[in-house]
Each structure stands twice: as C-alpha cells, then as structure tokens.
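Novice: Task: produce atomic coordinates for the following.
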Amino acid sequence: MRSKGTIVLVILGLLLLVGGCGGVSSYNSMVQQQESVRQAWANVESNYQRRADLIPNLVNTVQGAADFEQETLTEVTEARARATSVQIDAEDLDNPEKIRQYQQAQGELGQALGRLLMVSENYPTLRATEQFQTLQAQLEGTENRINVARRDYNAAVSTYNTEIRSFPTNIIAGITGFQPRQPFEAESGAEDAPTVDFN
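Specialist: You can find the predicted model right below:
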C-alpha cells in the first residue's frame, strides 16, 4: 500500500517538474482527446450495428423471391454472425490485431452484402418491391454513415496520437500510461473493390 502512495507522489512530482500547470493542462488535454476517440469509436460501432440490424429484414425480403440463390443468403447471414461476434472495448483501441479482426469481419459482411445486392439485379420483381427499395435506401444511408464515422474516428485518433507523441506531453503520456490508438486502414485491394449501386 505504501509503494502505491510513493508512486503517486513521484508521478505528481514529475508532472510538476515537467510543466507545472502546463503538465496538468497537457494531462487534461490528453484525457479529453482520449474521450473524443472513445466517442468516435462508439459512433463507428453504432453504425455497424445499425447495418447488422437491417440485414435480417433484407434477408427475409429477399427470401420471398422465388428461387433466390440460397448460398448468397447463407453467406450474408454467416458474415453477419461473424461481424457481430467480434467486439472491441474502448480500452482495446491500442491493439492493432483486434482492430484488424474487427475491420476484417465488417469488411467480409460488406462484401457479402454487395454480392447479395448484385445478385438481386437478376430479380426485377424483387427490386420493384417497396420493401426492398426501402431497405436498399436504408443500407445506402447506413454505409454512408459508416464511412463518415470511420473518418471521424480516424481524425480523433490522429489528434490524440499527435498529442501524446508531442514534446513535452509525450513525457507525461509515458508516465501516466497513455497509449497510441489504432486507426482504421484501407483494406488491401480496396482500391480495386467493385462499387455497389443501390439504384
């Protein structure tokens, strides 16, 4: 118990030595930016969850089309299950492997959805239904919100990572345990990915 008190006193002494009030200000700034990263991450998760919530309705609507390829529906359902099983806590945002797993699972779901929508082109009766058109519009809006949320998350991560790596804040960050956060990165081959037309 006594060693914890000593550690706290040493940390406080170093904070005062490094920057006095500036050190406290730097620490508070890092906390605020860390919270911004957490909020941005929550927005990313919320939008991915919205997409996952739309999929059962889409699958049910598509299943109503005669002879729709069951393999495509199964692929979407399985990709959704994998994507929703990969969870990341805000404390894991410094773990590149967990971010990669999450991003990969969400990417696989996006690809499966893209294939389903491409296959639906072969079913003009399905595409003409109001329910299918509504779900397409909702998915398109959700995909746009996902892109915005990912961009905002990356911006928050960039600001935070810059702060904790800048001198003299990097000293305070090292002493107090602030770790860099991992941004979303473009998937390999993303530049060659086919575009999905919801219209």
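Novice: Which residue ranges of the protein form helices?
Specialist: 2-19, 21-63, 70-85, 96-119, 124-128, 130-165, 169-176 (DSSP state H).
Novice: What helices and strands are in contact with the fourth one?
Specialist: Contacts defined by 3 or more CB pairs under 8 Å, 6 or more residues apart in numbering; DSSP states H and E place helix 96-119 against helix 21-63, helix 70-85, helix 130-165. The C-beta positions use only the backbone N, C-alpha and C, and glycine is treated the same way.
Novice: Which residue lies nearest the spatial centre of this structure?
Specialist: V44 (4.2 Å; CA atoms, centre = their mean).
Novice: related to what we said a few turns ago, let's have the helices and strands packed on helix 96-119 in CSV, adding mean pLDDT and distance to Q104.
Specialist: Formatted as CSV, the helices and strands packed on helix 96-119 follow (pLDDT from 0 to 100; distance: least, CB to CB, whole Å):
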stretch, mean pLDDT, distance to Q104
helix 21-63, 90, 13
helix 70-85, 93, 9
helix 130-165, 95, 14
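Novice: Same list (those helices) but as a markdown table, adding distance to A112.
Specialist: As requested, the helices and strands packed on helix 96-119 are exported to a markdown table (distance: least, CB to CB, whole Å):
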| stretch | distance to A112 |
| --- | --- |
| helix 21-63 | 9 |
| helix 70-85 | 4 |
| helix 130-165 | 12 |
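Novice: looking at the helices of the chain, which is closest to Q182?
Specialist: Nearest of those to Q182, taken as CB to CB: helix 96-119 at 4.3 Å.
Novice: Averaged pLDDT, that closest one. What do you get?
Specialist: Averaging the model's pLDDT scores along helix 96-119 yields 93.
Novice: what angle sits between that helix and helix 130-165?
Specialist: 160 degrees (axes from the mean of the first three to the mean of the last three CA atoms, to 10 degrees).
Novice: What residues of helix 96-119 count as buried?
Specialist: 98-99, 102-103, 105-106, 108-117, 119 (16 or more other CB atoms under 10 Å).
Novice: Repeat that for stretch 165-185.
Specialist: Quick answer for stretch 165-185 (16+ other CB under 10 Å): T169, I171, I172, A173, T176, F178, R181, Q182, P183, F184.
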